[in-house]
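1. quick check, what structure comes out for this input:
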Amino acid sequence: MPSLVMCRLLIDTGASNTNICHSAIQQLQISATGSISVHTPSTGDKPMSMDQYDINLLIPMQQLQSTGNAASPPNVHTIQNLPVIAADFKSQGMQGLLGRDVLQMASFSYHGHMNICSLSF
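-> Next comes the predicted model:
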């Protein structure tokens, strides 16, 4: 069984699918389950074929205690067998994009003036 790989993902409401960096996928030591045609602004009118992998995505969740501002220990929300696309994010300072395939299962709020976002399942 592959070990856990921690990744910093950017929440991207413009991405239809979740994308994970090639280096993280390599650490999992798993094989591609197929390929998918992807359109991005950089591919123009010709889609690009990219490898797809099925992963279990674990998202740490933190809830506030009812007695104050101290946070309780985090629990984890798990999405099993999530098809993700492998892409290159080395120069981006992150390891992937959290797309609408996951966001459609959650409630997402962005509070711009407070510079925080919340994601709940």
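
2. quick one: the helices in this structure?
-> For the chain, applying DSSP state H gives helices covering 22-28, 100-103.

3. possible to save those helices as a markdown table with mean neighbour count?
-> The way it works is simple: take the backbone N, C-alpha and C, and place the C-beta from them, glycine included. Shown next, in a markdown table, are the helices of the chain (neighbours: other C-beta atoms under 10 Å):
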| stretch | mean neighbour count |
| --- | --- |
| helix 22-28 | 16 |
| helix 100-103 | 18 |
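
4. so what's the spatially most central residue of the chain closest to, chain neighbours aside?
-> Centroid-nearest residue in the chain, with C-alpha atoms, centre = their mean: Leu98, separated by 3.2 Å. If the residues on either side of it in the chain are set aside, Leu98 comes closest to Leu9, at 4.3 Å by C-beta to C-beta, 6 or more residues apart in numbering.

5. correct me, but the one you found touches Val102?
-> No. In this structure, Leu9 is not within contact of Val102 by C-beta atoms under 8 Å, at 9.1 Å.

6. who touches both of these two?
-> Common neighbours of Leu9 and Val102, counting by C-beta atoms under 8 Å, 6 or more residues apart in numbering, are Thr18.

7. can you pull out the strands in this structure?
-> For the chain, applying DSSP state E gives strands covering 9-11, 19-21, 34-38, 48-61, 75-87, 96-98, 107-111, 116-120.

8. most tightly packed of those?
-> Across these, the average number of neighbours (mean count of other C-beta atoms under 10 Å) peaks for strand 96-98, which reaches a mean of 24.
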